[in-house]
Structures are given as structure tokens and as C-alpha cells.
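> Based on what follows, work out the 3D shape:
(6 chains)
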4 protein chains.
Amino acid sequence: MTNDNKPGGRPRDETSAPAIKAAARRLVTEKGYENVSISEIVRVAGVARQTLYRRWSSKADLVLEAFFETAGEPPTLSGNAGLTARSVLEKFLADVFDSLAREGDAISSLIACAQSDPEFCETFKEKFVFPREQMVRQILNKACSERELPPSADIDTVTAMIHGAFWYRLLTNQPLDRPFAAALVSSVFPTRPT
Amino acid sequence: MTNDNKPGGRPRDETSAPAIKAAARRLVTEKGYENVSISEIVRVAGVARQTLYRRWSSKADLVLEAFFETAGEPPTLSGNAGLTARSVLEKFLADVFDSLAREGDAISSLIACAQSDPEFCETFKEKFVFPREQMVRQILNKACSERELPPSADIDTVTAMIHGAFWYRLLTNQPLDRPFAAALVSSVFPTRPT
Amino acid sequence: MTNDNKPGGRPRDETSAPAIKAAARRLVTEKGYENVSISEIVRVAGVARQTLYRRWSSKADLVLEAFFETAGEPPTLSGNAGLTARSVLEKFLADVFDSLAREGDAISSLIACAQSDPEFCETFKEKFVFPREQMVRQILNKACSERELPPSADIDTVTAMIHGAFWYRLLTNQPLDRPFAAALVSSVFPTRPT
Amino acid sequence: MTNDNKPGGRPRDETSAPAIKAAARRLVTEKGYENVSISEIVRVAGVARQTLYRRWSSKADLVLEAFFETAGEPPTLSGNAGLTARSVLEKFLADVFDSLAREGDAISSLIACAQSDPEFCETFKEKFVFPREQMVRQILNKACSERELPPSADIDTVTAMIHGAFWYRLLTNQPLDRPFAAALVSSVFPTRPT
DNA sequence: CCTTAAGCGAGACGGTACGTCCGGTCTTAGT
DNA sequence: ACTAAGACCGGACGTACCGTCTCGCTTAAGG
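So this is what the prediction gives:
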């Protein structure tokens, strides 16, 4: 969103944007997207109102950037060489749940905002949803090719079910903990006959 | 929500409440929860502002009642006597998807609202979420007891996965159609060896 | 400016308008028209901003009404029965000068404002300028008919000169005192040969 | 106002100041002092904002200089050798009225500005008011010494009345035309018995 | 030739005030 | 008691200017 045309004029204060984003992130995390006003963000950031509007055209724009600035490659898969896909998935989910436990409320309010702002929704999907979805899909594909899952498994649908399960719990304020991660994994991978 | 204390005074206009709910329902369906103001609802309903506040304490209360007035027993299971649990589930999901296709945007915005309003969230869960969840759970339990699913199946988790899957697709604007219903069902019920 | 259509609705708070006008009048007197902000007026009046805008559409409207609410019959001519027109004029001017000494700065800033706001200008003339001008004209007419002035005197022009003289002194911050009143009168009335 | 310290550095662009003054003068004439913003002046002048502030410390400074650059010796008295003071005065007033007819609105808005800016007021008086006042005074003095006016005439007061009369008409949007000039003169000079 | 010093267009900066909008409460008169 | 109407306070909104500041560049004059 930030436009940095090269030519003349005083350069933008490099500390302003981070300060604003930090303020936005903190306030949204503390109070939820809807309960944060532009005025409060600029006050906390110690910045003039126009300095915010010069960079972002709306609260949605700002908050999206504040939360998902870095293109979404959130947790990574590397270093899981010798593990089974099942255990990789379980660890991945546990990690995701941990991070949501920290800022789940903020994420909830972003999901909420996405419903009434199509542009926000698109960016949110691109920066947050799809990367995580892709992650699960990769793990499942690996599981499939290594025979942990039957070749007939419908990867897309199972991905939606896994991803959906924790959205569902997130949005209905039900616990997102390690036991749930384990239960999800168990439901996906066929039970081993003892 | 409506309080109908017995004693004296002019009785409430019986047409006001329905008019307000109809207006609310229509506007929310058309424009989404966040983009509808109280002022607009009362204007469309042709009613004084206070007439709304006398009956509901907030937009959330009103909209919840407008959408989920009847205690949630939405689709029913009766009349599915001879069918397999699998086909019952598929039909149930197809029906849910059909109804969401009609008013999915409104539901999305209600889910959104639930994120910033705990009370709304609670009512929404009670009136909308849990009944549907319970429905799925019942079908799966039946499937279990009739050996369509292995007895080891984790009904709670699978319920969350099914329910979550369509929330997820709903909130991310991905298609909710019959093929997806079929795919969900197929992923839950072990594939029949041909 | 205040519109008091008869029908329904909560009546306007009768104390608000006077409070706002009092605040406006006080602040303009203290600080000058240009240095008073709407925000300050409503803060001092202890009133919501919209409560001001509901009654007046601009600071100009408000201030005009605050200063010249009562149709302009400022000083009166009655009770000067037996006096010469000359002495009546001198007394009238002395009175005007006294009142300007009290709130001359405010008047100056109103004259100023009138220059950039034609509507303000019109109302200002009607409520402030013309009544005073008319006063002088009446006195001069009386003087004429009673032979204190030659019948050939151009009343309109002399009125403009008298009135103009104290505007001129007012706007250029030159003293407006009794000696000047006397000098004006002496210049208008032919010097009596000693 | 322009300071031209001797030493090094790039010399000021000689075209900037005239361009700025021209823009200021044009805009103030078109729209009135209050309705012209610094931003607009520099945009019209095709100049950077700082280039204006380097030369003038405020809009008031600039506009004063733009309008009254040449020390005030506006119309001159020379070449009126053989005429009566009365006709000289009439011609002087007619000239002043003509020039005001051209840019009266701008002058009005300057008078307005002078009310809220004491420094502006001082300069305005020095550059515009006093020279014209002095002019009238000289003519009247000459009239006095040549017996066109009685020696008892109060030159200062009459000057204020003349000058005030056209300020008054100027500020109240009443016509400033030759008949009024004639009427003023007639009221000052004792009517000649036919 | 190269430094120094200032002017230049451009535009960001922290502020202040604007006029509008809405939410939730209240106060009327009328039914 | 209830209605329709609408005023009330509070507070956020996005915009417009203000006067200052900083950038990279240009333009001389003087060493």
C-alpha cells in the first residue's frame, strides 16, 4: 500500500510506519479490530492523523499490513526429515494452536472484518489463509505418497476439514489445545489395528 | 427477548416488531451486518427509534432474533427411516448448503459480529451453531451404532471437522455445493472396496 | 435562524441556545471573531457540537444572533424633548462611543467578518448598521426642521460622514472619545459666531 | 521585507517573488483575503511553499506587500496648480473611488484582516490609510489658507469624516461614485450663496 | 576546480479545526 | 402505556491548511 515514488520531497519518516503498525497491532490484539479507532492508533503511535492516512487508506489496509506484512510462510516444514507425516501434521497443528492461543482474539476479529470488506478478505486469504492451507495440503500429500494415507484420500477435502475444524473452534471460543490437535490427526489417519 | 409484562397501558403495536425484524433481516441480507445502522432499520420499518430499543437492547439482539426466532430445530431428521446414515448426512449437508447459498452473506456477517460481541456469540451458538452441530453428531452416532463407521471413530472431532469445513468455505467465499457435500461424506465414511 | 416547526419530537433544550450564544459572545469579545473555534464554543457552553449545528449553520450565523438578537433599537431618542438637536447628537455619539469602548474589538471583528461573508454582511447591516445610521439621520432631520442646520444640508451625506468617521476611527484603532464626539458635532453644525 | 544579506549561496530566483505577489494579488482580488490559502498561492505561483515563507512570514505580510509595494504616494497633487481646493478634492475623491471600484472587494478584505492582526493593521495604516488621509488633510489645509474654508474649520475631524464616509460606504457595499464624491465635497465646503 | 552556502521544487511532519455521522438515551405530544 | 418524532451527549470520521522540516538538486561566488 505504501507508495515510495522516488522523486523529490521530504522522505517519509521511516520510523512512522513501524510505529503505527506496532500501535495498530497492539491495540487490535488487546481490544479487537472493531474497538480500535484511528484516533487511538495515531495517539498511541505518537503520530499525526494525516501521517497514517498518507500511508493507508483505511483501518483495514493498515491492520492487514500490520499483521501480515511478511508474505505468509509462517511455520516451516524443514527439519522434519525423518518424521512421519502424521507426527509432522500433529506438530504443525500444535504450533498453530499455540500461536492462536496468543493472538486468537485478534485473528478472530480479522476474520470478522473480512466478512464485511471484500478487499480485506482477499488479502487476508492470500496472506494468512492460503499459506496455512497449503501447508496442510503438503503434509497430506506427503502422507499419501508415503502410504500413511490411502491413495484414494481426498486431499482437498481433508484439508478443508482440518483447517475448518480449528476455525470453527476458534470462532466459537472452544479450546484449541494439543489434545484437539491429536484428535484431529487421529481422525484423519486411519486407526492402526493394535 | 420481547417482554410482555401483563399490566395496564396501551398495548404494543403488534405490527411493529415484525416490521422491524423484517427490515433488519432484509437490510442485513442485502448489505451485511456491519453496514446496517439502527437509524436505517427504523427508517425502513417506519418506526421510531425508541420502538426498537424498547424491544431489543442492541442491533445484535434484534438481528439474532430476526434470523433465528424459532428455537433451532432447523432441518429435521424425521422421515429418513430406511436410509443409511451416510445418505442422511449427505442430504443434510446438501440442504444446509442450499440454505447458505441463499443467505450465506448474512450468516457470514453474523459470524463476524459474534467475534466482537460475546453475548451475541453465545446466543448465536445456542440458536444456530449447536443445533446444527448436534444434528451432525446424531447422524454420526447413528452411523456408529449401525456399523457404518468404526466404533473407534471420534464423533466429536469428526463433527467439528464437518461443521468446520463448511464454515471455512463459507467465510473464505469458496463454493459450498453438492459435490463438496459428497466429498465431505466420502472423507468421513471409509471407502467401500469396490 | 432557529426553526421551531410545531410537530412531534423532543423539544429543543431551551437552555442550550442561550448557553451557546453566551459562550459565543463571551469568547468573541475576549478573543475576537477569528480566534474562536466552534469546538471551543461548544466546550464552554457545555453542549454537543451537533447541538450547535442544529441551530446555526455557521459561526457567522451564531455570532450575529448572539450579538444582535434583538432587532436594533439600540440607544433611544426618547426623553430628549427640550434639548437642541446638536446636544442630542452629541449625547448619542458619546453613548455609542462608550459602548464601543466596551466591546469595540468584538464589533471590529464582526465588521471584518462581514467583508468575507455577504450573508453575514446583510444581516449585520440590518441589525447593527442601519439602525444607528437611521438614528443619526433622524437627529439631523430634526436639526434641519428646527433651523439648527441650513435647509440645504445634505442629510444623507452628512450621516454617512458622521457614521463613517467613527467606523474609520474604530477600524484604525484611533481613540473614540467625547472630545471627538464634540469635534464631529462642531464640524456638522455651523459655528456660532461668538 | 526581502532581506538581501550579502554573502554567498545561490541567489534568489528573481522571478519567484513577483510570481508569488501576482498570484496573491489575483487570488485575493478574486476570492477575498480569507478565502485564499497559502497552499493555493504557491500552487498558482508555481513555487515551493518554502520559497514563499523565505520571503514573507505570513499571508498578511505577503498580501500587504503585494498590494502596497510602493510606499504610499498614490495619487499625486501635482499639476493642480490653478484649481480651487474644492475641485482638487473632488477630483481626488473621484480618482480614489474609481480605483476602489476596481479592487474594492480586495481592499475590504484587507481592512477585515487588519482587525485581527495588529501588525498587519499597522502596516496597512502606514501604507494605505495615512497617505490618503494626509492627502485629504493637505487639500483641506490649502482650502483653509486660501479661504475656501473658514479658518475655524477642524481639519482633523473633517478629514476623518471624509475618509470615514467612503470607508463606510465601501464596507457596507454602498455605491462609491462621482455623485457621492460631489456630495461629500458640497457638504464640506460652505454653500455659496447664489 | 572545488568548496561552500544558499535557493529551489517537492512533499512529509505534528497539529488544529472543520462539518458530518451514528449510537444509545432522553423527553415531548398525541393515541 | 405506548407511539412517532426528534433533540441530547459523546465521539470517530476523513479533509483541509497551517507553519516547519528535510530531501536531492541547482546555482553562483570565492578560495
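> going forward, measure contacts and count neighbours with C-alpha atoms only.
Noted.
> residue in chain A nearest to chain D?
residue A:9 (10.4 Å; Cα to the nearest Cα).
> if I look at that residue, how far off is residue D:48?
As judged by Cα to Cα, to the nearest Å, residue A:9 and residue D:48 stand 10 Å apart.
> Where do the domain boundaries of chain A fall?
As assigned by automatic domain parsing, chain A contains the domains A:16-66, A:85-188.
> Could you confirm whether the shortest one reaches chain B?
Yes: among the residues of domain A:16-66, A:32, A:34 lie within reach of chain B under Cα under 8 Å from any Cα of the partner chain.
> again, but for stretch A:166-185
Yes: using Cα under 8 Å from any Cα, we find that stretch A:166-185 touches chain B at A:166-169, A:171-172, A:180, A:183-184.
> So which of those residues wins on neighbours?
Comparing these on neighbour count, residue A:166 comes out first with 27 neighbours (neighbours: other Cα atoms under 10 Å in any protein chain shown).
> my guess is that one meets residue A:175, correct?
No: using Cα atoms under 8 Å, residue A:166 is not in contact with residue A:175, being 9.3 Å away.
> what's the helix or strand for residue A:97?
Per DSSP states H and E, residue A:97 falls inside helix A:85-115.
> ok, and for that helix, which residues are buried?
A:85-86, A:88-97, A:100, A:104-115 (16 or more other Cα atoms under 10 Å in any protein chain shown).
> Just the helices from chain A, written as ranges.
A:16-31, A:38-45, A:49-53, A:59-68, A:85-115, A:118-124, A:130-145, A:155-171, A:178-188 (DSSP state H).
> which other helices and strands contact the shortest one?
Going back to what we said before, that points to helix A:49-53. Judged by 3 or more Cα pairs under 8 Å, 6 or more residues apart in numbering or on different chains; DSSP states H and E, the packing partners of helix A:49-53 are helix A:16-31, helix A:38-45.
> For chain A, which residues are neighbours of DNA strand F?
Counting by Cα under 7 Å from any atom of the strand, chain A comes close to DNA strand F at A:8-11, A:36-40, A:49-50, A:53, A:58-59.
> pLDDT weak spots in chain A?
A:1-6, A:70-81, A:191-194 (pLDDT under 70).
> Nearest to chain C within it, name that residue for me.
Counting by Cα to the nearest Cα, chain A gets nearest chain C through residue A:39, at 17.1 Å.
> re earlier: any of the residues of chain A next to DNA strand F buried? List them.
A:36, A:59.
> from the residues of chain A next to DNA strand F, which are also near DNA strand E?
Answer for those near DNA strand E (Cα under 7 Å from any atom of the strand): A:8-11, A:49-50.
> Which two of those have the greatest separation?
Largest separation among those by Cα to Cα: A:8 and A:49, giving 22.6 Å.
> from what I can see residue A:27 touches residue A:39, true?
No: Residue A:27 is beyond contact range of residue A:39, at 11.6 Å (criterion: Cα under 8 Å).
> Tell me which of the helices and strands packed on helix A:49-53 sits most buried.
helix A:16-31 (a mean of 19; mean count of other Cα atoms under 10 Å in any protein chain shown).
> roughly how far is that helix from the heart of the chain?
When C-alpha coordinates are averaged (Cα atoms, centre = their mean, to the nearest Å), helix A:16-31 and its chain have centres 16 Å apart.
> Residues in contact with it: which ones?
Where contact means Cα atoms under 8 Å, 6 or more residues apart in numbering or on different chains, the residues beyond helix A:16-31 that reach it are A:35-36, A:41-42, A:44-47, A:51-52, A:55, A:62-63, A:65-67, A:103, A:105-106.
> 7 Å instead, please
Applying Cα atoms under 7 Å, 6 or more residues apart in numbering or on different chains, the contact partners of helix A:16-31 are A:36, A:41-42, A:44-45, A:62-63, A:66-67, A:103, A:105-106.
> repeat for stretch A:63-72
Against stretch A:63-72 from outside (Cα under 7 Å, 6+ apart): A:21, A:24-25, A:124, A:127-128, A:131.
> Apply 6 Å and report the result again.
A:21, A:25, A:127, A:131 (Cα atoms under 6 Å, 6 or more residues apart in numbering or on different chains).
> Show me which residues of chain A sit near DNA strand E.
A:7-14, A:16, A:46-52, A:54.
> try 6 Å this time
A:8-13, A:16, A:47-48, A:50-51, A:54 (Cα under 6 Å from any atom of the strand).
> and those, which of them are in strands?
In strands, defined here by DSSP state E, there are no members of the residues of chain A next to DNA strand E.
> for the residue in chain A positioned nearest to DNA strand E, what are its contacts?
Using Cα to the nearest atom of the strand, the closest approach of chain A to DNA strand E is made by residue A:9 at 2.6 Å. Contacts here follow Cα under 6 Å, 6+ apart; on that basis residue A:9 touches nothing.
> Just the C-alphas of stretch A:180-194, formatted as PDB.
Only the C-alpha atoms of stretch A:180-194 are listed here, as PDB (Å, rounded to 0.1, in the frame of the first residue of the first chain):
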ATOM      1  CA  PHE A 180      -7.600 -31.500  20.000                       C
ATOM      2  CA  ALA A 181      -4.600 -31.500  17.600                       C
ATOM      3  CA  ALA A 182      -4.100 -35.100  18.400                       C
ATOM      4  CA  ALA A 183      -7.700 -35.900  17.900                       C
ATOM      5  CA  LEU A 184      -7.700 -34.200  14.500                       C
ATOM      6  CA  VAL A 185      -4.700 -36.200  13.400                       C
ATOM      7  CA  SER A 186      -6.200 -39.400  14.700                       C
ATOM      8  CA  SER A 187      -9.400 -38.800  12.800                       C
ATOM      9  CA  VAL A 188      -7.500 -38.200   9.600                       C
ATOM     10  CA  PHE A 189      -5.100 -41.100   9.700                       C
ATOM     11  CA  PRO A 190      -6.700 -44.500   9.700                       C
ATOM     12  CA  THR A 191      -6.500 -46.100  13.100                       C
ATOM     13  CA  ARG A 192      -3.800 -48.700  13.300                       C
ATOM     14  CA  PRO A 193      -5.100 -52.000  14.300                       C
ATOM     15  CA  THR A 194      -3.300 -52.800  17.500                       C
END
